[in-house]
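Asks: take a look and give me a structure for this.
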Amino acid sequence: MLDTIKIAETPEGVELKLTCVSFFARSLAWFIDFLIQSAVVVLFLFILPRLGDFGMGLLFIIMFFLHWLYPVFFEIYFQGQTPGKKMMKIQVLLIDGTMVNWGASLLRNLLRTVDFLPFFYALGVATMLMSKDFRRLGDLVANTIVVYKRELKEKVILKQGEAEITACAPEMTLSAREQQIILSYAERFNQFSPERAEELALLAVPLLNELPVSAQDKPSNPASERLLGIANYLMGRR
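Replies: Okay, here's the model as predicted:
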């Protein structure tokens with residue numbers, strides 16, 4: 001129960017090592033988001049009441065959206081991170097390590113009301129403490145997990161042997177899941193044997209066929225080099 005490392009296997013067969021977030025870190029993230037939401041409400045409390053009934057109606061609409069859709073908006077459009085989660089360097093993912101979707105985000109946040117019962121998230125806290133992965137009821141139902149955001153190390157994918165890898169733009173639009181899989185491959189590249197690295201890279205052949213090889217001598221592992229080039233591009237090394 002003390003082990004907070006979770007191994008998730010994506011549908012493509014790539015293993016991701018995720019570090020689950022404890023109750024304390026999640027509470028701090030929630031508190032930061034609560035302060036932000038409260039500040040917005042207080043700001044509009046000084047402005048909208050001057051508009052009479054229309055202003056008060058608009059204020060209640062803003063409060064509704066802040067309460068129910070604030071976390072959903074940020075989780076969908078900012079890689080599973082609300083401002084509070086971003087400050088704590090944590091994010092919401094699906095249980096298989098892929099990016100959270102609309103259905104899961106809406107469900108986990110709507111169930112905050114149940115987690116709040118009987119008072120101040122008592123049920124949610126109890127559920128988290130009994131879960132190895134620190135998942136509250138909303139996470140269990142929505143099949144989500146809160147983990148520390150993984151940061152790629154700068155030295156992992158810059159080189160293949162002694163040769164630097166040139167960044168390559170993908171020839172097609174990549175989904176968030178596909179980008180995450182490529183970055184995970186790059187992060188673990190030095191742990192693979194050359195043969196295993198090439199074998200895994202060949203799974204992405206439809207993506208790699210049109211990409212140029214570097215100007216150096218033809219590499220012995222062209223697929224892995226090209227995939228590392230895409231990873232460099234995704235991280236802004238262009």
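
Asks: show me the domain layout of the protein.
Replies: Following automatic domain parsing, one finds the domains of the chain at 5-148, 159-234.

Asks: redo those domains as JSON lines? Include mean pLDDT and mean neighbour count.
Replies: From N, CA and C alone the C-beta is placed, and that goes for glycine too. JSON lines is the format used below for the domains of the chain (pLDDT from 0 to 100; neighbours: other Cβ atoms under 10 Å):
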{"stretch": "domain 5-148", "mean pLDDT": "88", "mean neighbour count": "16"}
{"stretch": "domain 159-234", "mean pLDDT": "72", "mean neighbour count": "17"}
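
Asks: grab the longest helix from the protein for me.
Replies: In the chain, taking DSSP state H as the definition, the longest helix is helix 23-47.

Asks: can you show me the helices along the protein?
Replies: Applying DSSP H to the chain gives helices spanning 23-47, 53-68, 70-77, 83-88, 102-110, 112-116, 122-130, 137-142, 176-187, 194-201, 205-208, 222-234.

Asks: hang on, the earlier thing: does anything pack onto the longest helix of the chain? Which helices or strands?
Replies: Contacts defined by 3 or more Cβ pairs under 8 Å, 6 or more residues apart in numbering; DSSP states H and E place helix 23-47 against helix 53-68, helix 70-77, helix 83-88, strand 90-94, helix 122-130.

Asks: need the CA coordinates for the second one. PDB is fine.
Replies: Output in PDB follows, covering the C-alpha atoms of helix 70-77 (Å, rounded to 0.1, in the frame of the first residue of the first chain):
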ATOM      1  CA  TYR A  70     -13.900  25.200 -14.400                       C
ATOM      2  CA  PRO A  71     -12.000  21.900 -13.800                       C
ATOM      3  CA  VAL A  72     -13.400  20.300 -16.900                       C
ATOM      4  CA  PHE A  73     -12.300  23.100 -19.200                       C
ATOM      5  CA  PHE A  74      -8.700  23.100 -17.900                       C
ATOM      6  CA  GLU A  75      -8.400  19.300 -17.800                       C
ATOM      7  CA  ILE A  76      -9.500  19.000 -21.400                       C
ATOM      8  CA  TYR A  77      -7.600  21.900 -22.900                       C
END
